[in-house]
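> Curious how this folds, go ahead:
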Amino acid sequence: MRIVLLGAPGSGKGTQAKLLMEKYRIPHVSTGDLLRAALAAGTPLGLQAKAAMDAGQLVSDEIVLGIIRERLRHNDAKKGFILDGFPRNIIQAQALDSMLHNLNQPLDAALLLDVDFDALMQRLTGRRTCENCGASYNIYTNPPRLDDQCDRCGAPLHHRADDNEETIGNRLRVYDAQTKPLIDFYRNQGRLESINAVGEVQAIFKRLLVVLEPIAKGVRKLKLPPPSPVKSVKGKPVAQPVVLPVKGKLLPVKPVMSPVKSPRKPIAKVPPKKTLPKKAVAARTASKKSAVKSQPRAKPAKSPAKKTRGRR
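The predicted model follows:
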């Protein structure tokens, strides 16, 4: 099972990824962790990334994709993976699709952890992390028993300096502008699954399993992508073929021909009336008039004279 996790900062991608790793025994491929590991190990790609960072530049997509490609070639990724942190925009998503196609490991689904803005602000501004054991808390939703003290080891809790409303607001605006269009990208492919990520961690995890179990068993319900634009052949509209994802494979679907009515029988053409030239029409009219004049007129019949009575 090969999935990509989508969601704004604070949506719980890392927490749910750990639970999914334990459930399905597939690795959590976090691009941030991979990049840090490559830098620490001094791999060729890690050295390229370090050179870009030292020059004050962003690490290129080619380097990140190369690091992901190396990670997916490990034996533990043969059954699948959970990709987190990449892609962040449509160009990266297209490059990722191309790379996974070449590796014969196409994505099965893109999981969107959907959280509203107010809940995200509460999660991020209330985060507290133990500096000793790494336990995480939230002063609003999951507070420690003692303020600023870990329940497990008693060490002090750390509040990140960038977990403030201004910084978080900027991060969310960047997410809306760059990453959110991926939702439409994967929806158009028929791969997007949206999960309500508000509530208890285990409740959210159960919602994820409802979506993922059919994929893991190979009985995922297909979702049709939006219909392709309708073209016409000799004036008759014809539906275009679509491509559906089925367990990581693409199956072509035969186009559905629109019903065509039987053509009507052609109507026999009536020949147009012959028209005479103007001179012929004038001559015919003149001959009719002369014929009428030559005929003698009939005298009108006399009415009988009325008889009058004489005077007495």
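> Flag the shaky bits of the stretch 201-312 of the chain, pLDDT-wise.
Scanning the stretch 201-312 of the chain with the threshold set as pLDDT under 70 gives 220-281, 286-312.
> let's go with 90 and repeat that
Scanning the stretch 201-312 of the chain with the threshold set as pLDDT under 90 gives 215-312.
> Strands along the stretch 51-200 of the chain, start to end?
Ranges of strands in the stretch 51-200 of the chain, per DSSP state E, counting those that start in this stretch, are 81-84, 109-114, 127-130, 136-138, 157-158, 192-196.
> tell me the most buried of these?
strand 81-84 (a mean of 23; mean count of other Cβ atoms under 10 Å). Placement of C-beta: from N, CA and C, glycine included.
> For the residue nearest to Tyr24 when sequence neighbours are not counted, grab the count of nearby residues.
Residue nearest to Tyr24 in three dimensions, not counting chain neighbours: Met1, with 6.0 Å by Cβ to Cβ, 6 or more residues apart in numbering. Met1 is flanked by 20 other residues according to other Cβ atoms under 10 Å.
> Can you tell me how far Met1 is from Asn102?
Relative to Asn102, Met1 is positioned 20 Å away (Cβ to Cβ, to the nearest Å).
> nearest spatial neighbour of Ile91, skipping sequence neighbours?
Nearest one to Ile91, counting by Cβ to Cβ, 6+ apart, is Asp61 at 7.3 Å.
> For that neighbour, give me its contacts.
Going by Cβ atoms under 8 Å, 6 or more residues apart in numbering, Asp61 touches 91-92, 95.
> Mind checking which of these land in helices?
Members of those lying in helices (criterion: DSSP state H): 91-92, 95.
> Tell me the one of the contacts of Asp61 nearest Gly199?
Gln92 (30.1 Å; Cβ to Cβ).
> pLDDT wise, what is the residue nearest to Ile91 at?
Listed pLDDT for Asp61 reads 91.
> For the remainder of this discussion, apply numbering that starts at 773.
Sounds good: first residue 773 from here, last item Asp833.
> Report the separation between the nearest residue to Ile967 once chain neighbours are set aside and Arg900.
Once flanking residues are discounted, Ile967 sits nearest to Arg979: 5.0 Å by Cβ to Cβ, 6+ apart. As judged by Cβ to Cβ, Arg979 and Arg900 stand 26 Å apart.
> same check, this time on Phe889
Going from Phe889 to Arg900 by Cβ to Cβ gives 21 Å.
> next one: Thr939
16 Å.
> Next, count neighbours for the closest residue to Ala865 other than its chain neighbours.
Nearest residue to Ala865, sequence neighbours excluded (Cβ to Cβ, 6+ apart): Pro859, at 4.1 Å. If you count neighbours by other Cβ under 10 Å, Pro859 ends up with 25.
> List the residues that contact Pro859.
Here Pro859 is in contact with 776, 865, 867-868, 954 (criterion: Cβ under 8 Å, 6+ apart).
> Please report the distance of Leu817 from Ile840.
On the measure of Cβ to Cβ, Leu817 and Ile840 end up 10 Å apart.
> next one: Gly786
17 Å.
> Looking at those two, which one has more neighbours?
Ile840 (22 against 15).
> The more buried one and Pro859: what is the separation?
Distance from Ile840 to Pro859, by Cβ to Cβ: 10 Å.
> okay, and the common contacts of the two?
Leu868.
> what's the closest non-adjacent residue to Leu892?
Distances taken as Cβ to Cβ, 6+ apart put Gly782 closest to Leu892, at 4.7 Å, once the chain neighbours are dropped.
> likewise Arg917?
Nearest in space to Arg917, with sequence neighbours left out and distances taken as Cβ to Cβ, 6+ apart, is Asp923 at 5.4 Å.
> how about the helices of the stretch 873-1022 of the chain, start to end?
Under the criterion DSSP state H, counting those that start in this stretch, the stretch 873-1022 of the chain contains helices at 889-897, 937-946, 953-961, 973-989.
> what mean pLDDT would you report for the second one?
Going back to what we said before, that points to helix 937-946. 84.
> circling back: pull out the buried residues from the contacts of Asp833.
With burial judged by 16 or more other Cβ atoms under 10 Å, the buried subset of the contacts of Asp833 is 864, 867.
> Dump the contacts of Asp833 into CSV; add pLDDT as well.
Compiled in CSV, the contacts of Asp833 are given as follows (pLDDT from 0 to 100):
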residue, pLDDT
Ile863, 93
Gln864, 93
Ala867, 94
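> ok, so of the contacts of Asp833, who is nearest Thr1057?
Ile863 (84.1 Å).
> The closest one and Arg963, how far apart?
Taken as Cβ to Cβ, the span from Ile863 to Arg963 is 18 Å.
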